[in-house]
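Enquirer: The following block contains a protein sequence and its predicted model.
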Amino acid sequence: MTKKGLIQKAAASPHIVWAVLFIIAPLLFVVYYAFTDSEGKFTFSNIGELAQASYLEVFLRSICFAFLATVICLVIAYPIAYFMTKTSPRTQKILIMLVMLPQWLNFLIRTYSWMALLEDTGIINSLLDKIGIDPIHMINTSGAVILGMVYNYLPYMIIPLHSVMSKIDTRLLEAASDLGCSPFKVITSVVLPLSVSGIISGVTMVFVPSISTFYISQKLGGGNFDLIGDTIERQFQTAYNYNLGAAMSLVLMIIIMISMAIMNKYSGEDDGGVVV
Amino acid sequence: MNEKKIIELKGVAKSFDGEIILDNIDLDVHEKEFMTLLGPSGCGKTTTLRIIAGFVTPDSGEVMFDGELINDLPPYKRSVNTVFQKYALFPHLNVYENIAFALRLKKVSEEEIYERVEEMLTMVNLRGFEKRDVNLLSGGQQQRVAIARALINKPRVLLLDEPLGALDLKLRKDMQNELKNIQRKTGITFIYVTHDQEEALSMSDTVVVMANGKIQQIGTPTDIYNEPQNAFVADFIGESNIIDGVMLDDYKVKFSGQEFECLDKGFSKNEPVDVVVRPEDVDVVSPEKGMLCGVVDSVTFKGVHYEIIVTINNFKWMIQSTDYVAPTQSIGLYIEPDAIHIMKKSEYSNMFGDYSSFSDELDRLSDATEEEE
C-alpha cells in the first residue's frame, strides 16, 4: 500500500469509528433486544406481541397521522415555496428566515404554546367568547395532534421545495406561457415535474419525524391518541420492557424504509432526494 | 412583401429601475416579413421582443396585433411564439414531447399530434430523434427542437431572440439559410433579434437598427448599408470612414480640404454634415491622379482584400483594395460621386472617429455575447 493510501485511510478512520459506535452498534442492539426475551434468549414473541389489535391500532394511527400531516404540509408549503421564488432575492432571504424563525424556539415551548392556544379556556376560545362565538373544543383531538405535527415540521417541507424551485430557469416558465400555458398550467406542467426532487426531500423530512414523534400527541392529544413514539417511550421509561420497545422500533424502521422505497421509486432518476 | 400590418408599436416606452430601456418606439411589422432588430447589447431590442411576446408590459404606448390593442393580453393568449436565447427546452421531456407541448395543451388528438410533430421534425431535419433526451443534444440540435416547438402551433408571428448566438460560425451560417427557408416555406412573420450585422443583412427583408432605446433606422438591408441615416448606423453596419464635411451646395460637398461631387441634395448651404465613404468604394491610384493623397500607415492581408490604413489630414482612412501597396508608400485616393453618402449631423457625430484604433469595436463585439436583459 502506498503512503498516500495509508494517510487517506487514517483520515477516514474517525468517521468509520463514529459510524460503528453510534450508528451500526445501536442498530445491532435494537435487533438484539427485539429478538431476545428478558433473559437474553432468542425469541419471536416480542414481534408476535405486536400483532395484537391494540398495537396494530397504534401503528395504523401513527401512519395515518403522519401521512395526513405530510399531505397537509405539502399542500400548504407548495404554493408558499412557489410564491417565495417570485420575490426578489433579498425578500427570499428574509422569508426563509421567517420560515425558520419558530425553529429557534425550543420544541417543548412551541408545543406548550399550542396547548395554551387550543385549550377549552385557552387564548383562541376566550377570543371567540369575547366576540360572542361558542367555544370550540380543540385540545385533545386528533386534529390538534396533526396540527402540532404540521406546525412543527412545515419548515422542513418549505425549505427543500423552495431550494429546488428557485433553481428552475425562469425562461422555462416563460416558454411554457409562450406555448399556451395559463399560469396554473405552467405550475402543473413545468414547475411540478421539475420540483419532484424537492417534494421527495420535503415529504421525507416531514413524514419521518411525524411518524416517530411522541411528545406532540401526549401534550396536544391528551393521551387519547397513542402513537408509535409514545408506546416505545413507555416501554423504555415506565414498563422497562426494552425487548418490546426494541421490537417496535425495528418495525417502525421497516415502515419508514418501505415508505422511502416507495417515494424513491416515484422520484425516478432525479437526484437530490434525501436518503434516510 | 405583404403590406398588411400585423403588429404595430406606437410610442412604446419602458424603463427598469428608472433607466430608460425603450424610448418611444414606433414600429410596424408586416405580414410574411422577415424583420431583424439589430443593435448592440442594451439597445432595447430584446425588450422590444419581450413586449411583443407579452413578457414585458410597456409603461406607455400601444401594442397592436391585427389592429387590436394587446398591451394587457398575457403571453399564452397571443398568437406569437418565441425561440428563446439558449433554447429553454423542457429538461423533463424528450424531443417529441417538447415539440408536442403546445398541442397537448390544446387537447389535440394523438394521431394529429404525431403527424404534426413528424412534420416539424422533417422540417428541421431531426427525424429519428423523437425519443432523445433534450439535455444530451448538441447546441444546433437543441436549436432545431426549439424552432420546431415554437412553430408547431402555427403562430402568426415567430419571435427569435439571438437564436444562433451559442452556435459556432459554420453551424450559424447553415442555420441562417435554414431559418430563411423555413420562413419562406411557412410564410410566418419572423421577428429576429441579433447583434450580428452580417446575420441581419443576409437574412432580413427589413432591418431595424436600434441604439440607446431608440430606433435609428428602418429599411431594407441595402438601404441600411448604402444609405445609413446617421453615424451610428454607418459605423454599426459594416466598415466606414465617417468624416466631417460641409455641404457647399446640392451635389457638392467639401471634406478633407477638397471639394467632391456627390449624389446628395436637399441640405442647406454650408451645412456641416457627416460624410460616409465605405472602404471598398475607395480606389487606390497614383498620387498625381488622386483626389486625396496620403502615406500608407499599415497594410493587413485579409484574404479577399488588403486592408490599408492611410493618413490624410490627420484622419486615418480605411481602404479595402485587392492591390497591394507597401507601407510608407504615397498613394492617391479616388472616390466616385456614388461612393459618397451624406448624413445630417446627429448625436452620434464624432463618436465614431477614424481607424486610429479598433478598441471600441472589439469592446462591442465582446459585450454582445453577454446576455442582455
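Expert: Yep, that arrived.

Enquirer: which sections of the chain are below the confidence cut-off?
Expert: Picked chain A for this. Judged by pLDDT under 70, chain A has its weakly predicted residues at A:1-2, A:267-276.

Enquirer: Oops, wrong one, chain B.
Expert: Checking chain B against pLDDT under 70 turns up B:1-2, B:353-354, B:356-373.

Enquirer: switch to 80 and redo it
Expert: Within chain B, the segments meeting pLDDT under 80 span B:1-3, B:166, B:350-373.

Enquirer: can you list the domains in it?
Expert: Chain B breaks down into these domains under automatic domain parsing: B:5-226, B:242-369.

Enquirer: In CSV: the ones you listed, plus mean neighbour count.
Expert: (Each C-beta comes from the backbone N, C-alpha and C, glycine too.) Output for the domains of chain B, formatted as CSV (neighbours: other Cβ atoms under 10 Å in any protein chain shown):
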stretch, mean neighbour count
domain B:5-226, 19
domain B:242-369, 16
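
Enquirer: Throw these into CSV and include distance to chain A, thanks.
Expert: Shown next, in CSV, are the domains of chain B (distance: least, Cβ to the nearest Cβ, whole Å):
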stretch, distance to chain A
domain B:5-226, 4
domain B:242-369, 18
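
Enquirer: which helices and strands does the top helix by length along chain A pack with?
Expert: When chain A is parsed with DSSP state H, its longest helix is helix A:53-85. Using 3 or more Cβ pairs under 8 Å, 6 or more residues apart in numbering or on different chains; DSSP states H and E, the elements in contact with helix A:53-85 are helix A:89-100, helix A:142-165, helix A:196-212, helix A:228-237, helix A:242-267.

Enquirer: Identify each buried residue in that helix, please.
Expert: A:55, A:58-59, A:61-63, A:65-70, A:72-74, A:77-78, A:81-82, A:84-85 (16 or more other Cβ atoms under 10 Å in any protein chain shown).

Enquirer: can you state the direction angle for it and helix A:242-267?
Expert: For helix A:53-85 against helix A:242-267, the angle by axes from the mean of the first three to the mean of the last three Cα atoms, to 10 degrees is 40 degrees.

Enquirer: Would you pull up how far helix A:53-85 lies from the middle of the chain?
Expert: Chain-centre distance of helix A:53-85: 8 Å, with Cα atoms, centre = their mean, to the nearest Å.

Enquirer: now swap in stretch B:245-261 and tell me
Expert: Distance of stretch B:245-261 from the chain centroid (Cα atoms, centre = their mean) equals 31 Å.

Enquirer: what's in contact with it?
Expert: B:243-244, B:262-275, B:291-292, B:312-313, B:315, B:335, B:337, B:340, B:342 (Cβ atoms under 8 Å, 6 or more residues apart in numbering or on different chains).

Enquirer: residue contacts, A:E233?
Expert: With Cβ under 8 Å, 6+ apart, A:E233 has these contacts: A:F214.

Enquirer: same check, this time on B:D133
Expert: B:N94.

Enquirer: separation between it and B:E336?
Expert: B:D133 is 58 Å from B:E336, where distance means Cβ to Cβ, to the nearest Å.

Enquirer: Where do the helices of the stretch 251-373 of chain B begin and end?
Expert: Counting by DSSP state H, counting those that start in this stretch, the stretch 251-373 of chain B has these helices, from start to end: B:359-369.

Enquirer: Strands of that one, start to end?
Expert: Assigned by DSSP state E, counting those that start in this stretch, the stretch 251-373 of chain B shows strands spanning B:252-255, B:258-261, B:271-277, B:282-285, B:292-301, B:306-312, B:315-321, B:330-335, B:340-344.

Enquirer: The fourth one: partners in the sheet, and parallel or antiparallel?
Expert: In this case it means strand B:282-285. Strand B:282-285 pairs in its sheet with strand B:330-335 (antiparallel), by DSSP bridges.

Enquirer: The fifth one now?
Expert: Strand B:292-301 has its sheet partners listed here by DSSP bridges as strand B:306-312 (antiparallel), strand B:330-335 (antiparallel).

Enquirer: Redo those strands as a markdown table? Include distance to B:N24.
Expert: Compiled in a markdown table, the strands paired with strand B:292-301 are given as follows (distance: least, Cβ to Cβ, whole Å):
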| stretch | distance to B:N24 |
| --- | --- |
| strand B:306-312 | 39 |
| strand B:330-335 | 37 |
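
Enquirer: Out of these, which gets nearest to B:E115?
Expert: Each of the strands paired with strand B:292-301 has some distance to B:E115 by Cβ to Cβ; the shortest is strand B:306-312, at 53.4 Å.

Enquirer: For the closest one, output the C-alpha coordinates as PDB.
Expert: Taking Å, rounded to 0.1, in the frame of the first residue of the first chain, the C-alpha atoms of strand B:306-312 are listed here in PDB:
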ATOM      1  CA  TYR B 306      -5.800  44.100 -48.300                       C
ATOM      2  CA  GLU B 307      -6.900  46.500 -45.600                       C
ATOM      3  CA  ILE B 308      -4.900  49.700 -46.000                       C
ATOM      4  CA  ILE B 309      -4.800  52.400 -43.400                       C
ATOM      5  CA  VAL B 310      -3.700  55.800 -44.800                       C
ATOM      6  CA  THR B 311      -3.500  59.100 -43.000                       C
ATOM      7  CA  ILE B 312      -4.800  62.200 -44.800                       C
END
